[in-house]
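[1] A predicted structure for the sequence below; I have some questions about it.
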Amino acid sequence: MSKILKLQNQTIAELLEAARAHNTALRKNDIKLILATAYKQEEISRKLIDQDKRREATQKKLADKYGLGGQPTLNMLLSHASEITARELDKLSRSLKASLTQVDEMKNLNNILARRGLIMTEQLMRILRPKSGSTYMGSGKMKDRGKLLSVLDRTI
């Protein structure tokens, strides 16, 4: 059980590092880096999901071994472990919880930065888009505006 928790702790540390890199990319507004870090976070998340499934399966086996029913928690299993193992698992559990809190805080900060970028993009598009409707058709060709009006009045 401690082996899986150590592995999860390392994976969460990787996820935190990737979230920080994503934060930097958002601050620099570097589209390529934003996409690269988002894919990296997704890859690490999938790895973490697989590890969590293994942890749950191990917890279930231990619960069956000790006659605990339902969905056993780590705290329920600690009472059946040796004192040294219980201390190690408790320490790992606390470390995981702290790391997950940091990842959640970084995720919230990244969401704020992404929303801010979206607002700025929308404002820029509003400035660039003409008020009288769009200049271009969906195909990218300019719309026919009919007869162009001259800026100078050439009549006598």
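    That came in fine, so what should we check first? Numbering: from 1, shown residues only.
[2] following the least confident helix or strand in the chain by mean pLDDT, which helix or strand comes up?
    Of all helical and strand segments in the chain, the minimum by mean pLDDT, DSSP states H and E falls on helix 74-78, at a mean of 71. Note on helix 74-78: by DSSP states H and E, the next helix or strand toward the C-terminus is helix 83-128.
[3] related to what we said a few turns ago, alpha carbons of the least confident helix or strand of the chain, as CSV, please.
    Output in CSV follows, covering the C-alpha atoms of helix 74-78 (Å, rounded to 0.1, in the frame of the first residue of the first chain):
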residue,chain,number,x,y,z
LEU,A,74,-7.0,4.4,4.8
ASN,A,75,-7.7,5.4,8.4
MET,A,76,-9.8,2.2,8.9
LEU,A,77,-6.8,0.2,7.6
LEU,A,78,-4.2,2.0,9.8
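[4] Summarise which helices and strands that helix is packed against.
    For helix 74-78, the elements it packs on are helix 31-66, helix 83-128, judged by 3 or more CB pairs under 8 Å, 6 or more residues apart in numbering; DSSP states H and E. C-beta here means a position set from N, CA and C on the backbone, and glycine is covered the same way.
[5] Adding mean neighbour count and mean pLDDT, write those out as TSV.
    Output for the helices and strands packed on helix 74-78, formatted as TSV (neighbours: other CB atoms under 10 Å; pLDDT from 0 to 100):
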stretch	mean neighbour count	mean pLDDT
helix 31-66	14	89
helix 83-128	13	88
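[6] Please list the outside residues in contact with the least confident helix or strand of the chain.
    Contact with helix 74-78 is made by 1, 59, 62-63, 66, 68, 86, 89-90, 93, as judged by CB atoms under 8 Å, 6 or more residues apart in numbering.
[7] show me what contacts the residue nearest to residue 16 when sequence neighbours are not counted?
    In space, and not counting its chain neighbours, residue 16 is closest to residue 103: 5.1 Å by CB to CB, 6 or more residues apart in numbering. Taking CB under 8 Å, 6+ apart, we find residue 103 in contact with 12, 15-16, 19.
[8] Equivalent analysis for residue 64, please.
    If a contact means CB under 8 Å, 6+ apart, then residue 64 has no contacts.
[9] CA-only coordinates of stretch 114-121, as PDB, when you get a sec.
    Coordinates of each C-alpha in stretch 114-121 appear next as PDB, following Å, rounded to 0.1, in the frame of the first residue of the first chain:
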ATOM      1  CA  ALA A 114      -7.500  31.600 -18.700                       C
ATOM      2  CA  ARG A 115     -10.800  33.500 -18.100                       C
ATOM      3  CA  ARG A 116      -8.900  36.800 -18.100                       C
ATOM      4  CA  GLY A 117      -7.200  35.800 -21.400                       C
ATOM      5  CA  LEU A 118     -10.700  35.000 -22.900                       C
ATOM      6  CA  ILE A 119     -12.100  38.400 -21.700                       C
ATOM      7  CA  MET A 120      -9.100  40.200 -23.200                       C
ATOM      8  CA  THR A 121      -9.500  38.300 -26.500                       C
END
